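> show me the folded form of this:
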Amino acid sequence: MTVVKGRFDMNEIKLIKPSTEYVEQIWEYRAEFISNDDNLAGCAGLESAESIEKWLANIEKNSYEETVTEGLVPATTFLAVRKADYRIVGMIDIRHRLNEFLLQSGGHIGYSVRVSERQKGYATEMVRLALGYCYETLELEKVLVTCDKENVGSVKTIIANGGLLENELLENDRMTRRYWIDL
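Residues are numbered from 1 along each chain as shown. Sure thing, here's the model as predicted:
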């Protein structure tokens with residue numbers, strides 16, 4: 001089991017690869033976003049998953065260059081779990097490389113924090129831990145992280161992790177900010 005640990009504000013989280021141990025919590029996480037009409041960014045297609053079992057199988061399949069779904073790039077998905085109570089507070093998807101779509105608007109890292117756990121510093125810590133994974137495991141020298149211009153929380157998270165704004169792109173009435181982070 002791959003575990004990445006972090007510590008901040010006396011709360012501790014770790015990034016854990018999704019497994020059957022967390023099936024109920026993953027489905028609850030999904031339901032919280034759907035009931036709040038919110039975007040499940042960084043969740044590797046969880047919003048459209050027919051079942052957790054199929055979602056877990058897709059995550060495994062899409063982890064490797066040899067088996068990744070056509071049109072996608074290999075990615076590693078983690079649950080952000082609060083160590084004190086083992087509650088999933090967020091999810092983060094780390095793309096191993098960029099294709100043209102990700103270069104324009106998706107980036108190397110996509111993430112979400114459950115609505116009930118926002119504004120507690122979890123996103124900043126999740127991205128920090130993901131950057132460590134990008135450097136240590138994927139051996140990347142810099143990563144691209146993007147967000148909607150209006151998403152103030154994500155803008156702050158990215159900047160707190162060293163993000164430097166490269167530009168903004170308008171696509172389908174959506175302004176995307178593109179930040180690079182040197183590792």
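> please enumerate the helices of the protein.
23-35, 52-61, 100-101, 122-136, 152-160 (DSSP state H).
> which residues does R97 contact?
R97 makes contact with 73-74 under the criterion CB atoms under 8 Å, 6 or more residues apart in numbering. For glycine as for every other residue, the C-beta is placed from the backbone atoms N, C-alpha and C.
> give me the low-pLDDT residue ranges for the protein?
Along the chain, the model assigns pLDDT under 70 to residues 1-11.
> returning to what we had before: looking at the helices of the chain, which is closest to F78?
helix 122-136 (7.4 Å; CB to CB).
> can you list the buried residues in the closest one?
Buried residues in helix 122-136, counting neighbours by 16 or more other CB atoms under 10 Å, are found at 122-131, 133-134.
> where exactly do the strands run in the protein?
In the chain, the strands defined using DSSP state E lie at 3-8, 11-16, 75-82, 87-95, 109-113, 142-148, 164-171, 174-182.
> what's the neighbour count on the residue lying closest to V143 once chain neighbours are set aside?
In space, V143 comes closest to H108 once its chain neighbours are excluded; the distance is 4.0 Å by CB to CB, 6 or more residues apart in numbering. Neighbours of H108 under the rule other CB atoms under 10 Å: 26.
> thought H108 was touching I94?
Yes. Applying CB atoms under 8 Å, one finds H108 in contact with I94, separated by 6.5 Å.
> identify the contacts common to those two.
Contacts common to H108 and I94, judged by CB under 8 Å, 6+ apart, are C134.
> picking that back up, turn the helices of the chain into TSV, including distance to Y86.
Output for these, formatted as TSV (distance: least, CB to CB, whole Å):
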stretch	distance to Y86
helix 23-35	8
helix 52-61	17
helix 100-101	34
helix 122-136	14
helix 152-160	23
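> pick out the residue nearest the middle of the protein.
Nearest to the geometric centre of the chain sits I92, at 2.1 Å (CA atoms, centre = their mean).
> who's that one bridged to?
F78, Y111 (DSSP bridges).
> from I52, how far out is I158?
For I158, the distance to I52 (CB to CB, to the nearest Å) stands at 30 Å.
> neighbour count for these two, which is higher?
Higher neighbour count among I158 and I52: I158, with 26 against 17, using other CB under 10 Å.
> from what I see, that one and I181 are in contact.
Yes. With contacts counted by CB under 8 Å, I158 reaches I181, the gap being 7.4 Å.
> joint contacts of these two?
With CB under 8 Å, 6+ apart, I158 and I181 have common neighbours V145.
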